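1. Quick one, fold the following:
(2 chains)
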Amino acid sequence: DGGITQSPKYLFRKEGQNVTLSCEQNLNHDAMYWYRQDPGQGLRLIYYSQIVNDFQKGDIAEGYSVSREKKESFPLTVTSAQKNPTAFYLCASRPGGGASGANVLTFGAGSRLTVL
Amino acid sequence: DAKTTQPNSMESNEEEPVHLPCNHSTISGTDYIHWYRQLPSQGPEYVIHGLTSNVNNRMASLAIAEDRKSSTLILHRATLRDAAVYYCILIQGATGTASKLTFGTGTRLQVTL
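-> You can find the predicted model right below:
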């Protein structure tokens, strides 16, 4: 079955450490997105990518980095510069590179990061 | 990007219809209206989307105002499994433009027996 796989599901890290969250999709989607969700809050956009080797900052990109070397993969690195990284991270993808507003978003199950 | 406004929370009794409103007064002519819902500790899932005409699918109905400045997601018979946070977002339909998809805080729907 096609879908988005996020790993790990749960991750603990010490302050000052970088950590990379994986997002892989086998839907052949062009566009991919990373969102952050804090308890009881909505989704905030971190980074998004329309095509391979291209990505743009979202609303809260500081302290995060991404790469898009392959169409199916969009890893997110939470760096030590991110002051409050404990959150639920969601990856999503969409076909057509965002060209059509009718294209639907598909989300992964999320990764919960806790900084100790 | 056009923004949406939704009530923070709503309550419904089981087996009753639920109407979840969304205001998007700055919507452009090419923006599609999408609805997603998120169950606790899960990723959001697609519910329904539309452009101008009302839409129906197995999960819900979407009623779009004639001026497109508001829409309503209709759950015809709410069940306990429908308790979730519902998000209304706008997605650009124009070609060749980057689509920065921004979510609001959504509406938390509580369903009671």
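2. What residues does chain B have near chain A?
-> Contacts of chain B with chain A, taken as CB under 8 Å from any CB of the partner chain, map to B:30-32, B:34, B:36, B:41-46, B:49, B:51, B:85, B:87, B:90-106. In short, each C-beta sits where N, CA and C put it, glycine included.
3. what about stretch A:36-44 and chain B, touching?
-> Yes - using CB under 8 Å from any CB, we find that stretch A:36-44 touches chain B at A:41, A:42, A:43, A:44.
4. now the end-to-end length of that stretch.
-> The first residue of stretch A:36-44 is 5 Å away from its last residue (CA to CA, to the nearest Å).
5. List the buried residues in it.
-> Under the neighbour-count criterion of 16 or more other CB atoms under 10 Å in any protein chain shown, stretch A:36-44 has A:36, A:37, A:42, A:43, A:44 buried.
6. Low-confidence regions, chain A specifically.
-> Within chain A, the stretches with pLDDT under 70 are A:1, A:97-99.
7. center of it, which residue is that?
-> By CA atoms, centre = their mean, chain A has its centre lying nearest to residue A:34, at 2.7 Å.
8. hmm, stretch A:12-26 in reach of chain B?
-> No - using CB under 8 Å from any CB, stretch A:12-26 stays clear of chain B, with a minimum separation of 11.0 Å.
9. then that stretch to CSV, C-alphas only?
-> What follows is stretch A:12-26, C-alpha atoms only, in CSV (Å, rounded to 0.1, in the frame of the first residue of the first chain):
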residue,chain,number,x,y,z
PHE,A,12,14.4,11.2,23.0
ARG,A,13,17.4,13.5,22.8
LYS,A,14,19.7,15.4,25.1
GLU,A,15,20.0,19.1,24.9
GLY,A,16,22.6,20.3,22.4
GLN,A,17,22.3,17.2,20.1
ASN,A,18,21.1,17.3,16.5
VAL,A,19,18.5,14.8,15.5
THR,A,20,17.2,13.8,12.1
LEU,A,21,13.6,12.7,11.5
SER,A,22,12.9,10.5,8.5
CYS,A,23,10.0,10.9,6.0
GLU,A,24,9.7,8.5,3.1
GLN,A,25,6.8,8.3,0.7
ASN,A,26,6.0,5.8,-2.1
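10. contacts for that stretch?
-> Residues from elsewhere that reach stretch A:12-26 (CB atoms under 8 Å, 6 or more residues apart in numbering or on different chains): A:2-8, A:11, A:32, A:34, A:72-80, A:85, A:89, A:91, A:93, A:106, A:108, A:111, A:113-116.
11. Spell out, range by range, the strands that occur in the chain.
-> You didn't pick a chain, so chain A it is. Assigned by DSSP state E, the strands in chain A fall at A:4-7, A:10-13, A:19-25, A:31-37, A:43-49, A:56-57, A:64-66, A:76-78, A:87-94, A:106-107, A:111-115.
12. actually it's chain B I care about, not the one you picked
-> When assigned using DSSP E, the strands of chain B occupy the ranges B:9-13, B:18-23, B:31-38, B:45-50, B:55-56, B:61-64, B:70-75, B:84-92, B:107-112.
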